[in-house]
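1. This is the structure alone, sequence omitted:
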């Protein structure tokens, strides 16, 4: 069983995370970017509830940019918050939610692959 480090005694610090997700073999259609942005921000706000061992945080900024690049849809999520632990798990959840919203609006293409990576995880 994995143990999560106890960070409850930590003082919340200003943190920022940038996460980038890429969904191959799909395209953006009208309204997809708006749906993806709404899904990403909603997931970021509720990340501490959705991800069991994640500590609550005070979200101060959430942004999702969605674009089409080289035959793939790319979502870049930027989160800022006062938190006791890194924000990258919330960023991963938000990026996945953004691309799930794109897939939900269309028939899921066969062979679509998803990749998610943390670009930046900063503590102020």
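-> Structure's in. What do you need? Nothing here was measured: the structure is a model prediction, and the numbers come from that model.
2. For the protein, which segments count as strands?
-> For the chain, the strands defined by DSSP state E occupy 13-24, 58-69, 72-83, 114-123.
3. Identify, out of these, the most deeply packed stretch.
-> Here the criterion is mean neighbour count by mean count of other C-beta atoms under 10 Å, and of those the winner is strand 72-83, at a mean of 23. To be clear about C-beta, it is placed using only N, CA and C from the backbone, and glycine gets the same treatment.
4. Who are the packing partners of it?
-> strand 13-24, helix 32-45, strand 58-69, helix 88-104 (3 or more C-beta pairs under 8 Å, 6 or more residues apart in numbering; DSSP states H and E).
5. Report the angle between the third one and helix 88-104.
-> Just to be clear, that refers to strand 58-69. 40 degrees (axes from the mean of the first three to the mean of the last three C-alpha atoms, to 10 degrees).
6. Let's have the strands of the chain in CSV, adding mean pLDDT and distance to residue 42.
-> Converted to CSV, those look like this (pLDDT from 0 to 100; distance: least, C-beta to C-beta, whole Å):
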stretch, mean pLDDT, distance to residue 42
strand 13-24, 96, 15
strand 58-69, 96, 9
strand 72-83, 96, 12
strand 114-123, 94, 17
